[in-house]
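Asks: would you be able to build a 3D model of this:
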Amino acid sequence: MLPSRLTTSLTLIACAALWLPGPACNAAAARPPARPPAKPAAVAAQVKPPKLVVVMVIDGLPSEQVQRYRDQFGPGGLRRLLEQGASFTDAHQAHGITVTAVGHSAVLTGAYPYRHGIIGNNWIAADGRNVYCTEDTRYHYVGEQTDEHDGTSPANLRVDTLGDQLRYATGNRSKVVTVSGKDRGAILLAGKTGTAYMYMDKTGDFATSTYYMDSYPAWAERFRAAKPQDRYYAKSWTPLLADSAYADDAPYPEGTTTNTNRFPFTFYSESGAPAADYYTRLKTSPAIDELTLEFAEAAVDGEHLGSNPTGATDLLGVSLSGHDYVNHAYGPESRMSHDHLQQVDRQIATFFAFLDKRVGMDNVLVVLTADHGFANTAEFARAQHADALRVNPKTLLQQLDAALAARFGGAKLVKTSLLPDVRLDDAEIERRGLARADVENAAARFLLAQPGISEVFTRTQLEQGGAATSRLGTLMQRAWNRTLSGDLLVVTTPYTIFSSGSSGASHGTPWQYDTSVPLLVMGPRWIRPGEQAGYAEVVDIAPTLAQILHVRRPAGSEGRVLTEALR
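Replies: Predicted coordinates:
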């Protein structure tokens, strides 16, 4: 077998000489070679797998926030992971459209979007329909109202997950349970054979869908009946730390939510009692994460996770959604974002203390990462002398349509768009006898001349693998699916966002602030503690867990085993 560095070099030579498009060349061009593992002095006895694997995703957590605020963390949460686990300081969601659904799909499939099929939270189908990533009209929520496009199943996920492989290897004796404040956060971690529970905006309950079951188990019924979400009513979110701890944060940006945009944030309803608007307000606060972790604890007890009578390993997926909502409303540079992460840190410490009592942390393997990072608000970035803009997507597309009409004799050639993806009108292009490449190139030239646009990749480029000539292009190539994506992928300049409003922050680009995420792995019997400065990707999580659990990798996995962190 050839050494890994030589294999990578030969792959690059072949790609350059023959121009071979596709994932092998993309991966070779984008990823530095892994350090070879140290050769063991002697063959050790096989280590038993953990009783429980806990995979945690903090939605919208940039890696830099973990490093910037680490000295303020308490002893039992994120600090415990940083000190007792392996910490990858150069870890990335290595695809170009960095949004919640795409990032969650990468965690346990080990696959990129072009392979796993989740190309966005929403996308436009070839017939012009808006598709939500986890919608499936064949199923509905159990005991809850189900609206059009609500997430109810993993049907759109085209590959399996680590949890599916774990259940296959154990004859379905292993249990896989996931919980999140968002349906896509739970469903895409659960895979095809796990069970997902998600927060309901209208009632504040955690629900599942008929894809998984027709009625709730007794433990879930008890949790729902207790209505823990109502205990926050008329209470406030106040800062955890002394005021001086937040001195460097932007204190009071313009909010995009209906919450008062200054501490303390009060949880209320216009009706005077807990109602849908109150339950929605809980999402932009630490309350949603506390409730999610409490439901996870109920699942551990109710499903006996980590104490499976068959001896099989169980998997618990926990996606904490509040940080994403807070960052969208106020920006990652805000005092609200700073405090929210401190609150989540203490909540995780409480959760770990619970696991220590129920399962014993020596029997638990924990992975913590994020689905994407975050850009600062454009206004804050401009104050730091960055050329940050808010580009109105509706206006940009109207201008593009007008420019193409002028260029090609009045034809309306933009069919629809959900930026960064633009879909052209194939029927109109064919009816007028136009060359598709000419229309694509004209559209790209126009867009590149507009303020705030950095790159435009066309279908012709992407079909031939021609985007992958740089790190940024490779990430966009991975984000594009031949049968699902449109005809143009548009990348903004750094710190510029597509926004029709005048406040708030966002994500979704291939720039470093959106791809750089924490990757922390802790488990004393399996993981070597310490900081790892080498490059890693979120797609490396699934093959690493498969190695530890002695199960087959997910079918679409393209990540590597993080051997440098294994004992």
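Asks: contacting residues for R553?
Replies: Applying Cβ atoms under 8 Å, 6 or more residues apart in numbering, one finds that R553 lies in contact with G110, Q165, A542, P543, A546. For every residue, glycine as well, the C-beta is placed using N, CA and C.
Asks: distance check, the second one against R184.
Replies: From Q165 over to R184 the distance is 21 Å, taken as Cβ to Cβ, to the nearest Å.
Asks: these two: who's more crowded?
Replies: Neighbours were counted for Q165 and for R184 using other Cβ atoms under 10 Å; R184 has more, 30 against 24.
Asks: quick check: which element contains the spatially most central residue of the chain?
Replies: By Cα atoms, centre = their mean, the mean C-alpha position of the chain lies nearest to D371, the distance being 2.2 Å. Using DSSP states H and E, no element contains D371; it sits outside every helix and strand.
Asks: quick one, phi/psi of the residue in the chain sticking out farthest from the centre?
Replies: The centre of the chain is farthest from one residue, G409, which by Cα atoms, centre = their mean lies 42.6 Å away. Dihedral angles of G409 (phi, psi; degrees, to the nearest 10) stand at phi 70, psi 40.
Asks: you'd agree it is up against R431?
Replies: No: G409 is beyond contact range of R431, at 11.9 Å (criterion: Cβ atoms under 8 Å).
Asks: the stretch 451-567 of the chain: strands as residue ranges?
Replies: Taking DSSP state E, counting those that start in this stretch as the criterion, the stretch 451-567 of the chain carries its strands at 453-458, 488-492, 497-498, 519-522, 530-537.
Asks: for the nearest residue to I348 once chain neighbours are set aside, grab the count of nearby residues.
Replies: Nearest residue to I348 in three dimensions, chain neighbours excluded: G77, at 3.8 Å (Cβ to Cβ, 6 or more residues apart in numbering). If you count neighbours by other Cβ under 10 Å, G77 ends up with 21.
Asks: can you check G128 too?
Replies: 10.
Asks: that one: which element?
Replies: Counting by DSSP H and E, G128 is part of no helix or strand.
Asks: for the residue nearest to it when sequence neighbours are not counted, give me phi and psi.
Replies: Among residues not flanking G128 along the chain, T416 sits closest, at 5.4 Å (Cβ to Cβ, 6+ apart). Phi and psi for T416, reported as degrees, to the nearest 10, are phi -170, psi 170.
Asks: residues near L519, how many?
Replies: 27.
Asks: beta partners for it?
Replies: Counting by DSSP bridges, L519 is bridged to F88, T369.
Asks: save the strands of the stretch 451-567 of the chain as TSV, and put in distance to D59 and mean pLDDT too.
Replies: Shown next, in TSV, are the strands of the stretch 451-567 of the chain (distance: least, Cβ to Cβ, whole Å; pLDDT from 0 to 100):
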stretch	distance to D59	mean pLDDT
strand 453-458	26	98
strand 488-492	21	98
strand 497-498	17	96
strand 519-522	15	98
strand 530-537	18	97
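Asks: looking at those strands, which is closest to V344?
Replies: strand 519-522 (13.5 Å; Cβ to Cβ).
Asks: now stretch 463-477: mean pLDDT?
Replies: Mean pLDDT, stretch 463-477: 95.
Asks: nope, stretch 233-245 is what I was after
Replies: 94.
Asks: list the buried ones in it?
Replies: By neighbour count, and taking 16 or more other Cβ atoms under 10 Å as the criterion, the buried residues in stretch 233-245 are Y233, W237, P239, L240, A245.
Asks: equivalent analysis for stretch 69-86, please.
Replies: Within stretch 69-86, the residues scored as buried using 16+ other Cβ under 10 Å are 69, 72-73, 76-82, 84-86.
Asks: return the alpha-carbon coordinates of that stretch using PDB.
Replies: Listed next in PDB are the C-alpha coordinates belonging to stretch 69-86 (Å, rounded to 0.1, in the frame of the first residue of the first chain):
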ATOM      1  CA  TYR A  69     -14.500  33.100  25.700                       C
ATOM      2  CA  ARG A  70     -12.900  29.900  27.000                       C
ATOM      3  CA  ASP A  71     -11.400  31.600  30.100                       C
ATOM      4  CA  GLN A  72     -14.900  32.400  31.200                       C
ATOM      5  CA  PHE A  73     -16.300  28.900  30.900                       C
ATOM      6  CA  GLY A  74     -17.200  27.000  34.000                       C
ATOM      7  CA  PRO A  75     -15.300  23.800  35.000                       C
ATOM      8  CA  GLY A  76     -17.800  21.200  33.800                       C
ATOM      9  CA  GLY A  77     -19.000  22.000  30.300                       C
ATOM     10  CA  LEU A  78     -17.000  23.300  27.300                       C
ATOM     11  CA  ARG A  79     -13.900  23.700  29.500                       C
ATOM     12  CA  ARG A  80     -14.100  20.000  30.400                       C
ATOM     13  CA  LEU A  81     -14.200  19.100  26.700                       C
ATOM     14  CA  LEU A  82     -11.300  21.400  26.000                       C
ATOM     15  CA  GLU A  83      -9.100  20.100  28.800                       C
ATOM     16  CA  GLN A  84     -10.100  16.400  28.900                       C
ATOM     17  CA  GLY A  85     -10.700  15.800  25.200                       C
ATOM     18  CA  ALA A  86      -9.100  16.300  21.800                       C
END
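Asks: ok, residues contacting that stretch?
Replies: By Cβ under 8 Å, 6+ apart, the surrounding residues in contact with stretch 69-86 are 66, 87, 241, 245, 338, 341-342, 344-350, 352-353, 366, 368, 520-524, 527-532, 562, 564-565.
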